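# okay, here's the prediction I keep looking at, along with the sequence it came from:
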Amino acid sequence: MTRSLLERFIVSRKRRTALSLCFNAIPDGKPFHTFPGIALAGVCGLALLLAPTAFAQTQTPAAQPAPATAGTGNNAADAADDDSQAPVPFEGGQLTITQKEQFGEKVLAYDGQQLASNYDVFFDKIVEVGGVKVALFDVGDGGNQCGPATVIVWKPEGGTIQSTKVEQDECGAPPSAVSDNAIYFVPYLLPGEERPALQWSPTDGLTTSGNLTYMPEPGTDWKDINPEKYQNIIDAFHNEAIYKLAETLLGKDMTDMATSLLVGGGTEKTASGAFYASGCVPHACGGNDGFMAVDPAKHKLYFARRGDNGEPNAWPAVATWPADVKEALDKALGSAN
């Protein structure tokens, strides 16, 4: 393909992820169950039947392969070397993706009527919602700064082709989950974040279902920490003891701190047994780079994030850090502090 699959991997906090959420609706106006990483607040009448596609948010955003291209069935086929995509038969017509210039935008159209355009346009799948066939497409700028928006295409009985675009914060759509009567768009949350969950149906269009608030796993403590299971040190925030202490240390800076760790890998250990990792903001490495260390034995957390002047801000002050943790910070951020 002309563009590497790696270029479409997901690292941005606003990029949609491979994760979705497991909602358990309770009838008669009772509250929803909570689940790891997310709490659902203020949702009335959101009955999600998402067993085939639901999942709990227990990990940081993971790299995903590029969206698949149009095939002859409901599921998309692998992209060809030239990024060409076959027409998709739909409700008596054809959905096509064309590109007039080699490096120009792709155009999504239905029987010649343009519905959307951008540099990346990919067929996702065809589903049935409320008895209406719906085609889903990923439409975006390309790369991994922002994920694609979701373009929903449908044809009401006796009507003409319709389409709408779903995105959040002008930077891609949250992951979607399809039920019998609606499509739900559930955002990935970083520690300290709160965002709306959206839903779409052919009758009501796009509406807000309620607010999602990041939430650690209730009842987890220092003894439950296992860094070997963390794909990224941000996963440690799912521990309630770590989350509460981080909230005390970082306050309103918690989400920015977590963002500065998004581009990162596994953890390392200091001689004293603390584990740590560093990272950076997607597409801004070398700027607001972050560092986080956890000492499970002493119940301590250490955070640092490079500021606008190149020097790190630290929580607590670096002068109070143990020598081996400070040494790990110096090594990770590349300068003595």
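Happy to help now that I have it. Residues are numbered from 1 along each chain as shown.
# now the strands for the stretch 51-200 of the chain?
For the stretch 51-200 of the chain, the strands defined by DSSP state E, counting those that start in this stretch cover 88-90, 93-99, 106-110, 113-118, 120-129, 132-140, 149-154, 162-166, 176-178, 183-185, 194-201.
# got the ones you listed as TSV, with mean pLDDT, distance to A236 and mean neighbour count columns?
All C-beta atoms are positioned from the backbone trio N, CA, C, and that covers glycine. Below are the strands of the stretch 51-200 of the chain laid out as TSV (pLDDT from 0 to 100; distance: least, CB to CB, whole Å; neighbours: other CB atoms under 10 Å):
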stretch	mean pLDDT	distance to A236	mean neighbour count
strand 88-90	97	43	19
strand 93-99	96	42	18
strand 106-110	96	40	20
strand 113-118	96	36	16
strand 120-129	96	33	20
strand 132-140	96	31	22
strand 149-154	96	31	22
strand 162-166	96	32	17
strand 176-178	91	27	21
strand 183-185	95	27	23
strand 194-201	94	20	19
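# in the stretch 201-337 of the chain, which spans are strands?
So, for the stretch 201-337 of the chain - with DSSP E, counting those that start in this stretch - the strands run 205-215, 268-269, 275-279, 290-295, 300-306, 312-315.
# dump those strands into a markdown table; add distance to G251 as well.
Converted to a markdown table, those look like this (distance: least, CB to CB, whole Å):
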| stretch | distance to G251 |
| --- | --- |
| strand 205-215 | 15 |
| strand 268-269 | 27 |
| strand 275-279 | 20 |
| strand 290-295 | 16 |
| strand 300-306 | 11 |
| strand 312-315 | 9 |
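# closest one to K252 among the strands of the stretch 51-200 of the chain?
For K252, the closest of these is strand 194-201, at 12.6 Å, according to CB to CB.
# listing partners with orientation, what would you give for that closest one?
Each strand paired with strand 194-201, and its direction, by DSSP bridges: strand 183-185 (antiparallel), strand 205-215 (antiparallel).
# can you list contacts of the shortest one?
Applying CB atoms under 8 Å, 6 or more residues apart in numbering, the contact partners of strand 183-185 are 46, 48, 50, 127, 129, 134, 136, 150, 152, 166, 168, 173-178, 197-201, 209.
# about what we covered before: looking at the strands paired with strand 194-201, which is closest to W222?
From the strands paired with strand 194-201, taking CB to CB, the stretch that ends up closest is strand 205-215, at 18.4 Å.
# tilt between that closest one and strand 162-166?
20 degrees (axes from the mean of the first three to the mean of the last three CA atoms, to 10 degrees).
# keeping just the C-alphas, turn strand 205-215 into CSV.
The C-alpha trace of strand 205-215 is given here as CSV (Å, rounded to 0.1, in the frame of the first residue of the first chain):
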residue,chain,number,x,y,z
GLY,A,205,-30.6,10.8,14.6
LEU,A,206,-27.6,11.6,16.8
THR,A,207,-28.3,12.2,20.5
THR,A,208,-26.4,12.2,23.8
SER,A,209,-27.0,9.2,26.0
GLY,A,210,-25.2,10.4,29.1
ASN,A,211,-21.8,11.2,30.5
LEU,A,212,-19.0,8.8,31.1
THR,A,213,-16.5,9.5,33.9
TYR,A,214,-13.2,7.7,34.3
MET,A,215,-13.3,5.3,37.2
